[in-house]
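Asker: give me coordinates for this.
(one chain, ligands or ions: 1)
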Amino acid sequence: MLDQVKDLHRELENVQVSTQEELESFRLRFISRKGVISELFQGLKDADPGERKELGRTLNQLKNQAQDKFQELIKSLEQQAPVVSAPEVDLTLPPGGTGLGSVHPLSAIWERVVEIFGRLGFNVSDGPEIEDDWHNFTALNFPPNHPAREMQDTFFIEKDPDIALRTHTSNVQIRVMEHKKPPIRTLSPGRVFRNEAISARAHCIFHQYEILYVDENVGFKDLKQTLFHFAKEMFGKEVKIRFRPSYFPFTEPSAEIDISCLICKGEGCNICKYTGWVEIGGSGMVDPNVLENCGIDSQKYTGYAAGLGIERTAMLKYQINDLRLFTQNDIRFLKQFASLGF
Ligand code: DAH
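Answerer: Sure, this is the predicted structure:
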């Protein structure tokens with residue numbers, strides 16, 4: 001036991017602490033009631049009676065030494081405490097922003113489109129971005145090798161000429177009509193792909209929203225009325241809309257939809273090509289061949305369809321004159337839409 005006391009004595013002499021944790025470990029080891037010194041005191045009763053007195057004395061010395069050392073360590077730690085200097089931050093300033101993100105303008109338009117058509121009874125349907133020839137072309141009345149296929153510069157999947165990235169959201173029309181019988185009233189927003197050079201007005205990846213309404217007695221007047229209503233809801237009461245006769249294989253008759261240019265207010269700019277009008281999509285009465293391709297009786301049912309561009313819509317609504325801004329992820333651009341909510 002005497003040897004143990006000697007060792008502890010030496011250990012005590014050399015202890016240094018630099019943190020509160022180390023001080024606490026010291027206390028637990030030497031001072032506390034479960035510490036080594038208390039343990040030795042308890043062992044005293046088993047010691048040789050001749051040595052007990054001497055041992056008790058040395059143990060008491062050790063205990064006092066530990067107490068003194070403890071006080072000494074407390075003091076040294078206090079002296080080590082860093083001098084509190086003036087804070088580097090000005091605590092009186094109001095807190096900074098929370099750094100929340102903002103809604104992307106294309107997402108905002110997407111949601112608004114869903115909302116406007118949703119109130120007219122259109123549900124939302126989705127389809128694949130990698131599509132087969134039937135759904136992207138053939139069922140939509142593009143005959144094989146028909147020049148109309150070249151209207152859309154398609155990205156084909158190299159290994160299989162039957163598979164391509166969809167060039168429009170019209171593929172969803174076919175997918176819906178194959179599975180559901182009229183009345184059908186559906187909206188399909190989505191991403192589309194075309195092999196086009198990127199410029200202020202065009203991109204190889206962009207977004208469209210397609211509407212399709214098939215029922216008995218659906219006429220062109222219904223299409224016009226729906227798009228008039230949509231344009232006013234989306235762009236405001238002052239907007240003008242016009243239909244221009246056009247051609248699409250899947251509609252007959254067909255019309256392109258123009259909106260009065262809200263970027264230059266008709267004065268002429270690069271987006272309206274100085275005409276005062278911007279084309280935002282195509283439309284028409286669903287060609288009877290398309291209905292029949294999907295197993296719908298074209299004698300009984302008629303329908304209208306339209307496909308519009310989300311980027312075009314956003315450009316007009318927010319007066320953006322370069323489509324590339326949507327995908328550049330420039331914080332200064334995106335921040336301007338911070339007030340948009342869903
Ligand atoms: N799919 C056509 C395109 O991307 C747009 C379009 C035109 C969709 C007429 C339609 C429609 O539903 O009826 O160029």
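
Asker: how many other residues sit next to residue 236?
Answerer: Around residue 236 there are 10 other residues, counting by other CB atoms under 10 Å. The C-beta positions use only the backbone N, C-alpha and C, and glycine is treated the same way.

Asker: go on, residue 51?
Answerer: Quick note: residue 51 (other CB under 10 Å) scores 12 neighbours.

Asker: in what helix or strand does the residue nearest to residue 244 when sequence neighbours are not counted lie?
Answerer: Excluding the flanking residues, the one nearest residue 244 by CB to CB, 6 or more residues apart in numbering is residue 256, at 4.6 Å. Assignment of secondary structure by DSSP states H and E places residue 256 within strand 251-260.

Asker: now residue 103. Its backbone dihedrals?
Answerer: phi -70, psi 130 (degrees, to the nearest 10).

Asker: still on that earlier bit, could you give the mean pLDDT of the strand holding residue 256?
Answerer: For strand 251-260, mean pLDDT rounds to 97.

Asker: buried ones in that strand?
Answerer: For strand 251-260, the neighbour count (16 or more other CB atoms under 10 Å) marks 251, 254-260 as buried.

Asker: okay, now the sheet partners of it, with direction.
Answerer: Each strand paired with strand 251-260, and its direction, by DSSP bridges: strand 241-248 (antiparallel), strand 277-286 (antiparallel).

Asker: that one: how far from the chain's middle?
Answerer: Strand 251-260 has its C-alpha centroid displaced from the chain centroid by 33 Å (CA atoms, centre = their mean, to the nearest Å).

Asker: is the ligand within reach of that strand?
Answerer: Yes. For strand 251-260, a contact with the ligand is found by CB under 6 Å from any ligand atom, at residue 251.

Asker: average model confidence for the helix or strand where residue 221 lies?
Answerer: Under the criterion of DSSP H and E, residue 221 resides in helix 220-235. Computed over helix 220-235, the mean pLDDT rounds to 97.

Asker: quick one: contacts of it?
Answerer: 112-113, 116-117, 120, 211, 213, 239, 241, 243, 253, 257, 259, 262, 283-285, 304, 306, 313, 316-317 (CB atoms under 8 Å, 6 or more residues apart in numbering).

Asker: quick check on residue 21: phi, psi?
Answerer: The phi/psi pair for residue 21 (degrees, to the nearest 10) is phi -60, psi -40.

Asker: re earlier: of all the strands paired with strand 251-260, which one comes closest to the ligand?
Answerer: strand 277-286 (2.6 Å; CB to the nearest ligand atom).

Asker: so the closest one, near the ligand or not?
Answerer: Yes. Using CB under 6 Å from any ligand atom, strand 277-286 reaches the ligand at 281-284.

Asker: need the residues that contact that strand.
Answerer: 173, 208, 212, 214, 218-220, 223, 227, 242-243, 246, 248, 250-261, 263, 271-272, 302-309, 312-313, 315-316.

Asker: secondary structure class for the residue in the stretch 101-250 of the chain positioned nearest to the ligand?
Answerer: Scanning the stretch 101-250 of the chain for the residue nearest the ligand gives residue 168, at 3.3 Å (criterion: CB to the nearest ligand atom). At residue 168 the chain is in coil, as set by DSSP: H, G, I helix; E, B strand; the rest coil.

Asker: check the secondary structure at residue 131 for me.
Answerer: Looking at residue 131 with three-state DSSP, the answer is strand.

Asker: from residue 124, how far off is the closest residue to it other than its chain neighbours?
Answerer: Counting by CB to CB, 6+ apart, residue 131 lies nearest to residue 166, which is 4.2 Å off, once chain neighbours are set aside. Here residue 166 is placed at a distance of 17 Å from residue 124 (CB to CB, to the nearest Å).

Asker: likewise for residue 20?
Answerer: Distance, residue 20 to residue 124, by CB to CB: 61 Å.

Asker: more neighbours, those two?
Answerer: Shown here are residue 20 and residue 124; by other CB under 10 Å, residue 124 has more neighbours (14 against 11).

Asker: the more buried one contacts residue 114, doesn't it?
Answerer: Yes. Using CB atoms under 8 Å, residue 124 makes contact with residue 114 at a distance of 5.9 Å.
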